[in-house]
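**Q** Let me see the structure of the following:
(2 chains)
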Amino acid sequence: MARFLAHAAAVAAKDLRLEMRSRERIVSMGVFAVLVAVVFSFALDPTIRARGIAGAMIWVTVLFAGTLGLGRSFALEAEQDALQGLLLSPVDRGALFLGKFAANLVIVLGVELVVFPVYALFFGLDFRGSPAALAGVVGLATVGFMLLGTLFAAMSAHTRLGDTLLPILLLPLLLPVVIFAASATQRLLVGRPPSEVMSAVKVLAAFDLLYLLVCTWAFGHVVEE
Amino acid sequence: MDTEPQSLRGTRTAAAVLALLAAAGVLAALYMVFFYAPTETSMGIVQRIFYVHVPSAWVAFMAFGIVALCSLGYLWLRDERLDAIAVSAAELGTVFTTIVLLTGPLWGRIAWGAWWVWEPRLTLTLLLWFIYVGYFMLRGAAESAERGKRFAAVLGIVGAVDIPLIHLSVQWFRSQHPKPVILRPEGPTADPEIVQTLLVSLLAFTLLFFALLLYRYGLERLRARVEAARLRAADARPAAPIEGAFR
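**A** Take a look at the predicted model:
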């Protein structure tokens, strides 16, 4: 088990080191997310109070920006067939998946650290009401998003359609996560007590556990050669 | 990959028998729908679409279950026949889900006063349709046929795990909102004629589904055989001129 986790950490460290040096994914996702916020602020009727729909806007932004970044997460491996090298290394497929997932998770959480303040700034929102509950909801929802996202990114990277296919496969399956994440975020945003979102947190945690098992298992069948 | 030319005669015979049974069932169901079942009082004649709508939905979700089970079996045993059943079921599932999504609004326009409402069952069916569409896009776009089968199988399984979660969450989401008063879908009145007609209709659609499934499965197997023959021919062709040159 310790070896398994060490392998996963090594894969994650490799991906994060690459990202630290190039910064291509986090920059493109961050800029894209801010642009979506700008587009929202002009597309919405000025009489609409953004506070009432901010939860939905934020999650739409995170989903789109996250899918954009996920598309690149296997691009390097697919390009020079570097995935073969990774598969030849004595690393369990599950550890490989968890490593890729952890790197994606860190990157998207980084983007979320940009998205939330930007929305707060642009739309005059206040997220300081219950930061712990908000962090719990956002963290758990992002874990679910990245578990499914990493699995499907690995598949779409090996298709002719590539990144075009990813959102088509991913968005319907992500609906359960989105429903609970957006509604809980919205509640916290309008100042409801954290106890009100506890059920959403529990459900998201249960989803994450299920996705973790299914996706880690399924990944072995996706990358086999 | 199987190159052994197995006979599909058994499959064809079974398909023909089922098709005859399905034809009898569909005729009986049609007769009952139009002449036996009474016209529902509150919704009127349009309620009869229910006898097509509900069996289609049942078949569509059953097809998804078959896709998931066969996908699981395929990943485990790598038997081409299981993949052939999965893809046949997925194709029929897409057709029947489309029927559900087309007949639903026709009825809903009259019964609920709206073509579409975000009711849990409707939302679930729509998402099922999107997953089926993704299944075929993924399968078709994969770099090799073998990869396409594997990827599609993974999607079939993940989709089957996700469908109950989608159902759960859309239901939870709806329960957070005030219930629509006019748009509330009422269950069928428990008139015995209506229930009998529905049961016959369910049976007819199930038979029809399995008949089509067997035909489609036979087609898929033939296609695989043609593909294998084509590959063999392509392998054999370049050898011929060299042989001649040495003669």
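
**Q** Ends of stretch A:123-133, what's the gap?
**A** 21 Å (Cα to Cα, to the nearest Å).

**Q** Which positions within it qualify as buried?
**A** By 16 or more other Cβ atoms under 10 Å in any protein chain shown, the buried positions in stretch A:123-133 come out as A:123, A:125, A:127, A:130, A:133. Bear in mind the C-beta positions are built from the backbone N, C-alpha and C, glycine included.

**Q** For chain A, what lies in contact range of chain B?
**A** A:148, A:151, A:155-156, A:158-161, A:165, A:168-169, A:171-173, A:175-176, A:179-180, A:183, A:203, A:207, A:210, A:214-215, A:218, A:221-222, A:224 (Cβ under 8 Å from any Cβ of the partner chain).

**Q** Pretty sure residue B:86 sits against residue B:72.
**A** No - the pair residue B:86 / residue B:72 is not scored as a contact, 9.4 Å apart, by Cβ atoms under 8 Å.

**Q** list residues touching both of the two?
**A** Residues touching both residue B:86 and residue B:72 by Cβ atoms under 8 Å, 6 or more residues apart in numbering or on different chains: residue B:153.

**Q** Give me the nearest residue to the one residue sitting closest to the centre of chain B, chain neighbours excluded.
**A** Nearest residue to the geometric centre of chain B (Cα atoms, centre = their mean): residue B:93, 1.4 Å. In space, and not counting its chain neighbours, residue B:93 is closest to residue B:63: 3.3 Å by Cβ to Cβ, 6 or more residues apart in numbering or on different chains.

**Q** how far away is that neighbour from chain A?
**A** In this view, residue B:63 and chain A are 17 Å apart by Cβ to the nearest Cβ, to the nearest Å.

**Q** can you pull the contacts of that residue?
**A** Applying Cβ under 8 Å, 6+ apart to residue B:63 gives the contacts B:89, B:90, B:92, B:93, B:96, B:209.

**Q** pLDDT below threshold where in chain A?
**A** A:225 (pLDDT under 70).

**Q** As a check, name the ranges of all helices in it.
**A** Using DSSP state H, the helices of chain A run over A:2-22, A:24-43, A:54-73, A:75-79, A:82-88, A:93-123, A:131-156, A:165-189, A:198-223.

**Q** Tabulate these (TSV), appending distance to residue B:109.
**A** Listed next are those as TSV, based on distance: least, Cβ to Cβ, whole Å:
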stretch	distance to residue B:109
helix A:2-22	51
helix A:24-43	30
helix A:54-73	28
helix A:75-79	46
helix A:82-88	51
helix A:93-123	38
helix A:131-156	35
helix A:165-189	25
helix A:198-223	34
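
**Q** so which of those comes closest to residue B:23?
**A** Of all the helices of chain A, it is helix A:165-189 that lies closest to residue B:23, at 35.1 Å by Cβ to Cβ.

**Q** Centre of the chain to that closest one, how far?
**A** 10 Å (Cα atoms, centre = their mean, to the nearest Å).

**Q** Could you list the buried residues of it?
**A** A:165-189.

**Q** likewise stretch A:14-21?
**A** Here stretch A:14-21 shows A:15, A:16, A:19 as buried, counting by 16+ other Cβ under 10 Å.

**Q** what's the distance between it and the middle of its chain?
**A** With Cα atoms, centre = their mean, you get 17 Å for stretch A:14-21.

**Q** doesn't residue B:118 fall inside a helix?
**A** No - assessed with DSSP: H, G, I helix; E, B strand; the rest coil, residue B:118 is coil; it does not lie in a helix.

**Q** Quick check: pLDDT value at it.
**A** At residue B:118, the model reports a pLDDT of 83.

**Q** what's the spacing between it and residue B:134?
**A** Going from residue B:118 to residue B:134 by Cβ to Cβ, to the nearest Å gives 21 Å.

**Q** With residue B:45 instead?
**A** Taken as Cβ to Cβ, the span from residue B:45 to residue B:134 is 37 Å.

**Q** Out of these two, name the residue with the larger neighbour count.
**A** residue B:134 (22 against 10; other Cβ atoms under 10 Å in any protein chain shown).

**Q** Quickly find the element holding that one.
**A** For residue B:134, the element it lies in under DSSP states H and E is helix B:120-141.

**Q** more crowded one of residue B:86 and residue B:72?
**A** When residue B:86 and residue B:72 are compared for neighbours, residue B:86 comes out ahead with 28 against 16, by other Cβ under 10 Å.

**Q** Which pLDDT does the model give the more buried one?
**A** 96.

**Q** re the thing from before, packing partners for the next helix or strand after the helix holding residue B:134?
**A** Sequence order places helix B:145-175 as the next helix or strand after helix B:120-141, per DSSP H and E. Counting contacts by 3 or more Cβ pairs under 8 Å, 6 or more residues apart in numbering or on different chains; DSSP states H and E, helix B:145-175 packs against helix A:131-156, helix A:165-189, helix A:198-223, helix B:50-77, helix B:80-111, helix B:120-141.

**Q** Helix B:145-175: which residues count as buried?
**A** B:147-163, B:165-170, B:172-173.

**Q** which parts of chain B sit against chain A?
**A** So chain B meets chain A at B:75, B:127, B:130-131, B:133-134, B:137-138, B:141-143, B:147, B:150-151, B:153-155, B:157-159, B:161-162, B:165-166, B:168-170, B:172-173, B:176 (Cβ under 8 Å from any Cβ).

**Q** Now with 7 Å, please.
**A** B:75, B:127, B:130-131, B:134, B:137-138, B:141-143, B:147, B:150-151, B:154-155, B:157-159, B:161-162, B:165-166, B:168-170, B:173, B:176 (Cβ under 7 Å from any Cβ of the partner chain).

**Q** Now do the closest residue to residue A:166 other than its chain neighbours against residue A:222, distance only.
**A** Leaving aside its chain neighbours, residue A:166 sits nearest to residue A:156 (4.3 Å; criterion: Cβ to Cβ, 6+ apart). Distance of residue A:156 to residue A:222, given as Cβ to Cβ: 10 Å.

**Q** Those two - which one has more neighbours?
**A** residue A:156 (27 against 21).

**Q** didn't the more buried one look like it was pressed against residue A:168?
**A** No - the criterion here is Cβ atoms under 7 Å, and residue A:156 misses it with residue A:168 at 8.8 Å.
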